[in-house]
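Show me the folded form of this:
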Amino acid sequence: MTDHYKKLGFDQDELVARLEREATPEQLPDTEPDIQSAAFDKQQIIDACRVDLDFLAAMAMPESFRFYFPPTHVTAWQILVEGEANCENKFLQFAIGIPRGHAKTTLIKLFLLRCVLFTKRKFFLIAAATEPHAINIIADVVSMLSQTNIVAAFGDYRLGLETDTKTLKKFGFLGRNITFAGVGAEGAVRGMNVNNERPDIMVFDDIQTKECAESPVQSKSLMEWMVGTAMKAKSPFGCMFIFAGNMFPSPNSILKQLKSNPTWIKFISGAILADGRALWPELRSLESLIAELNNDIAMGQAHIFFSEVLNDTEVGVNSNVDYSKFPAWPWTEDDKPQGKFLYIDPSQGKGKDHDVITENHVYDNLIGIYNIHEEHYSPANLIRKALAIALKEEIYGVAIESTAYQSTLLFWFDFICNQLGITGISFVPVYTNNYSKNSRIQSGIKAMQAKEVILHPNIRSMVQRQIADWNPMKRDNRDDILDAISNSPKVVADYPFEIMVKGSLIVQDSEAAKVVEDNHAF
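Residues are numbered from 1 along each chain as shown. Below is the predicted model of the structure:
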């Protein structure tokens, strides 16, 4: 806990003592410097609570605050803070999608606390799936207000307490009358008016359950209540609406509908980021997330992980693939492959697909997809990236999908290697023989289930996520990885010599090779 206070140069014990002295001043010597010093320390603490999410959390929940919030949460926090500041006489709507188990509700509670301490907001309506859940949120916010640190810095809200029931709290604090009211989904809020005020902040926290999302009738009823009843009870002088929830593998998922609604400001993130890192590694490591995914796959429930942990909006489109048939990686680091090759699928700079480079290992005619690199590259950067991987991993075969302009990459690979004096790498074209991409991908998925193509654990989740979203009836899928993997068996069949026989990589110009490996321009 001490480290959180040291973030702004404070010692925890000293900080609490100073705050308590300021809150209940003793008879101090009549000396100007000491009084000024105490006032300065308190104001610095208040200012830190205003601008720093971590510091506010450390002050308000010292027993449970263990990790600094990750950049994703800080960004969501800033969106809410800036939204509140611009909500005067406006009606702004925010949809926050943070994965299950990643402190989504805690972030909302801290935001409500900040609104009490630093804004003009007076009436907070909290709606949840059940009334007890809404009650718990209110109880936790007022518990934060009761923390010794917060009381010492801002005063004791309990001195102005008027009403203290589970579902309704009214108190005078910091120069205004504040109300917290809690209600369960589809509860009575019509005509809600307390102290001649209507809600100017509404929070809908996990108001939709999985069972509700699976029922079109229940989902429609809940949406009608949220929009037609709760949101219509707003203050006429401006209101901030916050919907916090998760995706469900159903078209009735409210968060999914809000994501496509242009009138809502959205911030939605998955537990695994686009670059493969964990969203909050101190709280949930990438290894633990992958282990959870593998368990869900084995239990036939992978769609739950993709929707509720990764907040994937299109999960479950392809529900016919049995991921439990995908074999585990059977080789250790001591098992040396008979051959290696890169497969390159350029995207041509169009659509949703990335350029993809797969690292492939061959063991007794079985293909192991060892690693995947995907990004939007320029042609020069794509060549640079592939050569850097080949040099680092000692890969002697590079296969390139050669449809339309993509075939020109073969010329440029040879051209650049001649310039740099690199020999020993075979560059070969791969032709798709006019088979449709969806047919190739279908064959690739069957090869994975037949244990002919095996995925390394580090890339298994990204492949299976793309399979889950892939719709064989559509032509505009995001399927770049699947397309690259589906062509790997063809490379082994067409070019066994080039990939199976280890050559001798020769780089005549060592400085030129360093240019490639450092990813500098040619």
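
Just the helices from the stretch 151-300 of the chain, written as ranges.
210-213, 216-225, 254-259, 286-298 (DSSP state H, counting those that start in this stretch).

Give me the helices and strands touching the last one, please.
The contact analysis (3 or more C-beta pairs under 8 Å, 6 or more residues apart in numbering; DSSP states H and E) places helix 286-298 against helix 302-304, helix 457-469. Glycine gets a C-beta too; all of them are placed from N, C-alpha and C.

again, but for the second one
Counting by 3+ C-beta pairs under 8 Å, 6+ apart, the packing neighbours recorded for helix 216-225 are helix 210-213, helix 254-259.

and of the ones you listed, who's closest to residue 432?
Residue 432 lies closest to helix 254-259 among the helices and strands packed on helix 216-225, at 34.1 Å (C-beta to C-beta).

Quick one: residues in contact with that closest one.
Residues from elsewhere that reach helix 254-259 (C-beta atoms under 8 Å, 6 or more residues apart in numbering): 95, 97, 207-208, 213, 219, 222-223, 226, 243, 245-248, 250, 264, 266, 268, 311, 313.

Same question for stretch 392-407.
Here stretch 392-407 makes contact (C-beta under 8 Å, 6+ apart) with 339-346, 348, 359, 386, 389-390, 409-410, 413, 424-432, 484, 487, 491, 495, 498-499, 501-503, 505, 517.

closest one to residue 234 among the helices of the stretch 151-300 of the chain?
helix 216-225 (14.3 Å).

got the CA coordinates for that closest one in PDB?
C-alpha atoms of helix 216-225 as PDB (Å, rounded to 0.1, in the frame of the first residue of the first chain):
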ATOM      1  CA  PRO A 216     -35.500 -12.200 -27.400                       C
ATOM      2  CA  VAL A 217     -38.700 -11.400 -25.400                       C
ATOM      3  CA  GLN A 218     -36.800 -10.700 -22.100                       C
ATOM      4  CA  SER A 219     -34.100  -8.600 -24.000                       C
ATOM      5  CA  LYS A 220     -36.700  -6.500 -25.700                       C
ATOM      6  CA  SER A 221     -38.500  -5.900 -22.500                       C
ATOM      7  CA  LEU A 222     -35.300  -4.900 -20.700                       C
ATOM      8  CA  MET A 223     -34.300  -2.500 -23.500                       C
ATOM      9  CA  GLU A 224     -37.700  -0.900 -23.500                       C
ATOM     10  CA  TRP A 225     -37.400  -0.400 -19.800                       C
END
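
any low-confidence regions in the stretch 301-450 of the chain?
By pLDDT under 70, the weakly predicted segments of the stretch 301-450 of the chain are 313-320, 348-352, 404-407, 433-434.

one more time with 90
301-328, 333-339, 345-355, 363-365, 374-385, 387-388, 390-397, 401-443, 445-446, 449-450 (pLDDT under 90).

any chance you could map the strands in it?
339-345, 355-363, 366-375, 397-401, 422-423, 426-430 (DSSP state E, counting those that start in this stretch).

cool, and the stretch 151-300 of the chain?
161-164, 168-173, 176-184, 201-205, 239-245, 265-268.

Save the ones you listed as a markdown table, and put in distance to residue 298 too.
Listed next are the strands of the stretch 151-300 of the chain as a markdown table, based on distance: least, C-beta to C-beta, whole Å:
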| stretch | distance to residue 298 |
| --- | --- |
| strand 161-164 | 49 |
| strand 168-173 | 46 |
| strand 176-184 | 36 |
| strand 201-205 | 32 |
| strand 239-245 | 27 |
| strand 265-268 | 27 |
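
can you redo these as CSV with distance to residue 324 and mean pLDDT?
Output for the strands of the stretch 151-300 of the chain, formatted as CSV (distance: least, C-beta to C-beta, whole Å; pLDDT from 0 to 100):
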stretch, distance to residue 324, mean pLDDT
strand 161-164, 53, 93
strand 168-173, 50, 94
strand 176-184, 38, 93
strand 201-205, 34, 96
strand 239-245, 29, 95
strand 265-268, 29, 92
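
Dump these into CSV; add distance to residue 403 and mean neighbour count as well.
Listed next are the strands of the stretch 151-300 of the chain as CSV, based on distance: least, C-beta to C-beta, whole Å; neighbours: other C-beta atoms under 10 Å:
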stretch, distance to residue 403, mean neighbour count
strand 161-164, 71, 12
strand 168-173, 65, 18
strand 176-184, 57, 20
strand 201-205, 48, 24
strand 239-245, 42, 24
strand 265-268, 35, 18
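
Run through the residues that contact residue 75.
With C-beta under 8 Å, 6+ apart, residue 75 has these contacts: residue 267.

Next, the buried residues of the helix or strand containing it.
Per DSSP states H and E: residue 75 is located in helix 71-85. Buried residues in helix 71-85, counted by 16 or more other C-beta atoms under 10 Å: 72, 73, 76, 77, 80, 81, 83, 84.

Show the average pLDDT along it.
With pLDDT averaged residue by residue, helix 71-85 scores 93.

now do stretch 459-479
78.

what comes up buried for that stretch?
459-470, 472, 477, 479.

hmm, which two among those are most spread apart?
Greatest spacing in the buried residues of stretch 459-479, by C-beta to C-beta: 459 and 472 (22.0 Å).

domains in this protein, as residue ranges please.
Using automatic domain parsing, the domain parsing of the chain gives 2-51, 68-268, 323-517.

which of the contacts of stretch 392-407 are buried?
Here, 16+ other C-beta under 10 Å leaves 339-346, 359, 386, 389-390, 409, 413, 425, 427-428, 430, 432, 484, 487, 491, 495, 498-499 buried among these.

What is the burial count for residue 229?
14 (other C-beta atoms under 10 Å).

Spell out which residues sit in contact with residue 76, please.
Going by C-beta under 8 Å, 6+ apart, residue 76 touches 96, 98, 107, 267, 269.

Show the contacting residues for the residue lying closest to the second one once chain neighbours are set aside.
In other words, residue 98. Leaving aside its sequence neighbours, residue 98 sits nearest to residue 104 (C-beta to C-beta, 6 or more residues apart in numbering; 3.9 Å). If a contact means C-beta under 8 Å, 6+ apart, then residue 104 has 96, 98, 244, 246 as its contacts.

Residue 104 and residue 485: what is the separation?
Applying C-beta to C-beta, to the nearest Å, the value for residue 104 to residue 485 is 34 Å.

what do you get for residue 398?
Counting by C-beta to C-beta - residue 398 and residue 485 are separated by 16 Å.

Can you pick out the residue with more neighbours from these two?
residue 485 (30 against 26).

on contacts alone, who are the packing partners of the helix or strand where the more buried one lies?
Here residue 485 is covered by helix 480-486, with elements defined by DSSP H and E. With contacts defined as 3+ C-beta pairs under 8 Å, 6+ apart, helix 480-486 has these neighbours: strand 339-345, strand 355-363, strand 366-375, helix 437-449, helix 457-469.
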